[in-house]
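K.L.:
only the shape, not the letters, is given here:
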């Protein structure tokens, strides 16, 4: 067993761990922060992405001992609570950049890192920047929009096509066909 | 203003985006304190007899509580699909024979999760290999049998008793026949399978599991364990995607439950991705032969579809899905003569079950390929051939020669919309220019028009709506969301009647003690059954509240209205809130909605690919879609469903394939090997809106979950073939990988590849 001291979301944590313990399992099972998910065994899916001293890493590829004496940020560390979401998380909500939610913590952390390096990315830069984070639900369309929105740009403009069914302002209220008439109850 | 049809952000998201969702492996529950961790030792061989199992060393490993083999489990092997040959049963842990790589053989229970793999590595199993049956045509010869007692590899058949009509294509000017592959793909939900189980002092099992249908899972697990259904309590935490592969229970869930009973301790199981890619059910896996005949002026007269369906080693839901493929065989076309049959075969691979579309994408892929090849043969534009055969709006309701009772549709309008939005004429002109210039990067344009069936499995769904004295509302639903956003959508439906804000409305699902009846979420059924049931229940609750308020307010029921959670007398300030009424007497309505029939959403897609003829690589540049599922309750959610479906459709056409070698070794058992698409491989999507209501429910709504997949797959495949059709290429099987495309180009060239019809007409 090896002793590690890791600052997680600003709080000191310490434990005696097996040298083989993955950082992802340290966060989930030792510290008890369950937002960080594990979706594969080959460092392909990025569901476990966290920030290590501010840089995004896949916590299933890192041993807990490699994070010793460093700072880790997980999605739980971004927002005070559900009512006060971090701007990136808020953008994911506004643009419906999540469905089942499993890739979301990793996707949000990867986005935080991406925007730190490139504050106003193009659609192509976003797609390539998030290549290591897989999502099965959204087809990435709304994830791309979320990242654009989080960067302070207009998703409709940057995406360069009529992404919504109608060109509704991002997050705005729009009446869909079929219920636009006759449902005044 | 009505909330219906508005873009409401999800009520689920604050939790999902702050502390994260709670999936089965995330559960912190005192009932699971001290749980053992299950590690399954799985077969490394596709087909083999087990000659010896030695678990002695494993039993001595640190932290091991028990090591269990098939001989220890006192449950009879189960027929997982009732319609299969009755000999095709699966043991809970294989004892005599293994039939696919990934089949569980030994269960290792340890105190800590990491100890499980250590101990599993010490299990010694001797196998006597048998020849593997992977190819469907080889399976059909019955030379090597998976189940000797069955005497055949055919699990079941559909339409096999009657021979095809040898005069079926009489009168056709042109007849085209082709064998095509609708390849095996993995659902690949990001959350793998997981289950936790504990038996209480009352003799009841509590089973938490990742499923799309808690009530179905309960019935299956109870049946497999041989206990009364009332003794099983299934709880579905948040579910990280399903796409059809998590319908009901998996055999591993029963193993987890049995082991919890056997050891007297709670047991947790969360599989690895490699286990998931070899052990979880997969989808599609059809070998199709279509024959299409018609006139030179583009009228299709007859269509035949012959299907070989891979069921995998143990027949499950996939063994029944060709029923949908046959029913939907003629698609959106009014074809005078249609015949089909399907033979469902076992092979030494993981079982096939539902995957987004489940039987319908296979039908659409076949008929759309057939229309394209027919169009090429008669030298007519692909869109024009489709137009000449579409069922017309005044023909609805329309029962096809496949036996499907289509409720409503406007197929030509959908086609026109995507053609116009794509700039189809301009695209064809650009394609012509590139062809004539002999450019390396060619343009391919694929058109699909599709219809599908939603709510095809279970027509009825339960809902309960209760207003509490504190003004909050609880909605109970038998649907089982795993990303679809029912907590938001069902709250909108309740809000529409009650006028209580959606953040005061809690939607509960997936707990079988709380909600004994329900059919779950699958087949795009949820809104048109469960959603409508919530809408109906909330409406009935309003009527109940009005009746009670009428007495209280000494008013006529007809003079009452419910506005913002308050029953008021119209034109006065007299009234009583629903919360106040609930304080006097329980204010709750249980309701059921039964649509009695499925609905048939439809649409049209145009896909545009840029294809490098030197490398064979095709990239989707644009995809423009109409996915008409009737009125849209929440465009945000609806578009999300369309996006996801489109992505999976594109991905099946270009990237994804579960591959087994001839010995049955899976070659795509990790995400490093499987063609899971990333953001970099997909474009943004252009969605067009169209809403043709159904008469089968009061909201007029149809299902949207699978539409994108069904339309996009053939559109993209067609676009790839179209990009190189002038070189003589007629068909490329999916996934249209660079190698396959390059080989098709080379084959066409070596065959003389006479360039054809470069001056095709445009519509």
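P.N.:
Received it, and whenever you're ready, just let me know what you need. Nothing here was measured: the structure is a model prediction, and the numbers come from that model.

K.L.:
going by C-alpha atoms from here, please, whenever you check contacts or count neighbours.
P.N.:
Noted.

K.L.:
what residue ranges in chain A score low on pLDDT?
P.N.:
For chain A, applying pLDDT under 70 flags the ranges A:161-185.

K.L.:
at the geometric centre of it, which residue do we find?
P.N.:
residue A:108 (1.4 Å; Cα atoms, centre = their mean).

K.L.:
now do the contacts for it.
P.N.:
Counting by Cα atoms under 8 Å, 6 or more residues apart in numbering or on different chains, residue A:108 makes contact with A:75, A:88-89, A:92.

K.L.:
who wins on neighbours among those?
P.N.:
The member of the contacts of residue A:108 that has the most neighbours, counting by other Cα atoms under 10 Å in any protein chain shown, is residue A:89 with 30 neighbours.

K.L.:
residues in contact with the residue in the stretch 451-600 of chain B that chain A sits nearest to?
P.N.:
Across the stretch 451-600 of chain B, the shortest distance to chain A (Cα to the nearest Cα) belongs to residue B:483, at 3.6 Å. Each residue near residue B:483 by Cα under 8 Å, 6+ apart is listed here: A:98-101, A:137, B:239-241.

K.L.:
distance of it relative to residue A:137?
P.N.:
Residue B:483 sits 8 Å away from residue A:137, going by Cα to Cα, to the nearest Å.

K.L.:
so what's the gap between the helix ranked longest in chain A and the chain middle?
P.N.:
Among the segments of chain A that qualify as a helix by DSSP state H, the longest is helix A:104-117. When distances are taken as Cα atoms, centre = their mean, to the nearest Å, helix A:104-117 is centred 5 Å away from the chain's centroid.

K.L.:
now stretch B:160-173
P.N.:
With Cα atoms, centre = their mean as the basis, the mean position of stretch B:160-173 lies at 33 Å from the chain mean.

K.L.:
and stretch B:634-649, by the same measure?
P.N.:
When distances are taken as Cα atoms, centre = their mean, stretch B:634-649 is centred 13 Å away from the chain's centroid.

K.L.:
just the buried members of the contacts of residue B:483?
P.N.:
The neighbour count (16 or more other Cα atoms under 10 Å in any protein chain shown) marks A:98-101, A:137, B:239-241 as buried among these.

K.L.:
closest one of those residues to residue B:622?
P.N.:
Of all these, residue A:137 has the smallest distance to residue B:622: 19.4 Å, by Cα to Cα.

K.L.:
leaving out the residues flanking it, which one is nearest to the residue in chain A that chain B sits nearest to?
P.N.:
Closest residue of chain A to chain B, Cα to the nearest Cα: residue A:100 (3.6 Å). With Cα to Cα, 6 or more residues apart in numbering or on different chains as the measure, residue B:483 is the residue that lies nearest to residue A:100, at 3.6 Å, once sequence neighbours are left out.

K.L.:
list phi and psi for the residue of the stretch 451-600 of chain B closest to chain A.
P.N.:
According to degrees, to the nearest 10, the main-chain angles of residue B:483 amount to phi 130, psi -10.

K.L.:
and what of residue B:370?
P.N.:
Backbone geometry at residue B:370, expressed as degrees, to the nearest 10, gives phi -60, psi -40.

K.L.:
which two of the contacts of residue B:483 have the greatest separation?
P.N.:
Farthest pair in the contacts of residue B:483 (Cα to Cα) is A:98 and B:239. Separation: 13.0 Å.
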